[in-house]
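[1] Sharing a model prediction with you, sequence too.
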Amino acid sequence: MIIETENAASTTTRQGAQYGVSAEAIQYHYDIGNEFLALAQEGGRNYSCAMYQDGDTHEQAQIRKLDYHIDQIRARGAERVLDIGCGWGALVNRLAIEADVDKVVGLTLSKEQLKFIGDTYQHPGIDVHLQNWQDYQPEEPFDGIISLGAFEHFAKIDEDKVEAYRHYFKKCHEFLKPGGRMSLQTMGYGDVPRDRQHSDLFIAREVFPESDLPYLADIVRASEMLFEVELVRNDRKDYVKTMRSWFENLRANREEALKLAPLDVVTRYERMYRTMSYSFDLGAFTLYRITFRRIEQTRIGDGYHAG
């Protein structure tokens, strides 16, 4: 496997990035330590919502989630697939090994994630870049794109979110081959009025600094005339189970956790998993899985006419 590090400077500066959170904010949450976060995660080191069916273990539900997104973009046997926000590499590895994709590219801003992938996965068809997606320029277009649990970081609290998301969809449109598909998984606001969306300061300040969740309407509006929305799922109950699993795993390994991180950090992550599980259960937060198909455009006059 090739680890790309020539753009590592983008982890400490904004470079060409126009929107979204800083690399420092990403590293605040995700670079707390690979060994520490492993105490909450399952063996595959997934850190986004699993996809449960009756009788599934947490591990099985995480694999089901990966396969769902692979199938949504028709990735099996594809030439090139992009994973935006590739985490600890479970998806890029499954794309290369199980889905038989020739070339899988992953993007991350987390140095800890990059190190883990480099130490764990050696498949020659996997490339991982320590780089913001806004600065990334592919050598060739992709057959499909998957992004799991990264979209939440693509707009800051003080930004025009529709404009920021529009920038993301434009970039993804450029990344894809004609007719290519994208499968997006993101947390979102549910039954929360827009004038109260930042009322939970614990999440905004201590869990995901700078980040803000999307509303479904803003996602759809931002994708107009670039992508056709093929499918939308609201699987918030899956995140209730996932958050509770992470909480229970961390609590069961609390003694070891305290050897790896100070008490306030351990307490913060326990509180996060518990608080967010309640928010998903109540419907304040949702979990969207959205399938998009790239629209081919021909400009006529002042409007776009999809072909």
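    Alright, I've got the coordinates.
[2] In the chain, where is pLDDT below threshold?
    Counting by pLDDT under 70, the chain has low-confidence residues at 1-17, 28-30, 196-207, 209-210, 298-307.
[3] Would you map the strands across it?
    Taking DSSP state E to define them, one finds strands in the chain at 2-4, 80-84, 103-108, 126-130, 142-148, 176-189, 227-234, 285-294, 297-300, 303-306.
[4] and those strands as JSON lines, adding distance to Gln53 and mean neighbour count?
    In short, each C-beta sits where N, CA and C put it, glycine included. Formatted as JSON lines, these follow (distance: least, CB to CB, whole Å; neighbours: other CB atoms under 10 Å):
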{"stretch": "strand 2-4", "distance to Gln53": "35", "mean neighbour count": "15"}
{"stretch": "strand 80-84", "distance to Gln53": "24", "mean neighbour count": "25"}
{"stretch": "strand 103-108", "distance to Gln53": "26", "mean neighbour count": "26"}
{"stretch": "strand 126-130", "distance to Gln53": "28", "mean neighbour count": "22"}
{"stretch": "strand 142-148", "distance to Gln53": "18", "mean neighbour count": "25"}
{"stretch": "strand 176-189", "distance to Gln53": "17", "mean neighbour count": "21"}
{"stretch": "strand 227-234", "distance to Gln53": "14", "mean neighbour count": "15"}
{"stretch": "strand 285-294", "distance to Gln53": "14", "mean neighbour count": "22"}
{"stretch": "strand 297-300", "distance to Gln53": "38", "mean neighbour count": "10"}
{"stretch": "strand 303-306", "distance to Gln53": "35", "mean neighbour count": "11"}
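[5] For Tyr215, which of those strands is the nearest?
    Closest to Tyr215 of those, according to CB to CB: strand 176-189, at 5.1 Å.
[6] show me the contacts for Leu176.
    141-145, 182, 294 (CB atoms under 8 Å, 6 or more residues apart in numbering).
[7] Actually, Asn234.
    Asn234 is in contact with 190, 286-288, counting by CB under 8 Å, 6+ apart.
[8] try 6 Å this time
    Thr286 (CB atoms under 6 Å, 6 or more residues apart in numbering).
[9] Please apply the same query to Asn93.
    Tyr121.
[10] One more pass at 7 Å, please.
    Shown in contact with Asn93 (CB atoms under 7 Å, 6 or more residues apart in numbering): 121, 123.
[11] Helices of the stretch 51-200 of the chain, residue ranges please.
    58-72, 90-97, 111-120, 161-175 (DSSP state H, counting those that start in this stretch).
[12] Which of those helices sits closest to Tyr19?
    That would be helix 161-175 among these, by CB to CB, at 3.8 Å.
[13] returning to that earlier point: looking at the helices of the stretch 51-200 of the chain, which one is packed in the most?
    Of the helices of the stretch 51-200 of the chain, the one with the most neighbours on average (mean count of other CB atoms under 10 Å) is helix 90-97, at a mean of 24.
[14] Show me how far that one is from its chain's centre.
    15 Å (CA atoms, centre = their mean, to the nearest Å).
[15] Alpha carbons of that helix, as PDB, please.
    The C-alpha coordinates for helix 90-97 follow below in PDB (Å, rounded to 0.1, in the frame of the first residue of the first chain):
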ATOM      1  CA  ALA A  90     -12.100  -0.700   7.100                       C
ATOM      2  CA  LEU A  91     -13.900   0.400   4.000                       C
ATOM      3  CA  VAL A  92     -10.900   0.900   1.700                       C
ATOM      4  CA  ASN A  93      -9.700  -2.600   2.700                       C
ATOM      5  CA  ARG A  94     -13.100  -4.200   2.100                       C
ATOM      6  CA  LEU A  95     -13.400  -2.400  -1.300                       C
ATOM      7  CA  ALA A  96     -10.000  -3.800  -2.300                       C
ATOM      8  CA  ILE A  97     -10.300  -7.300  -0.900                       C
END
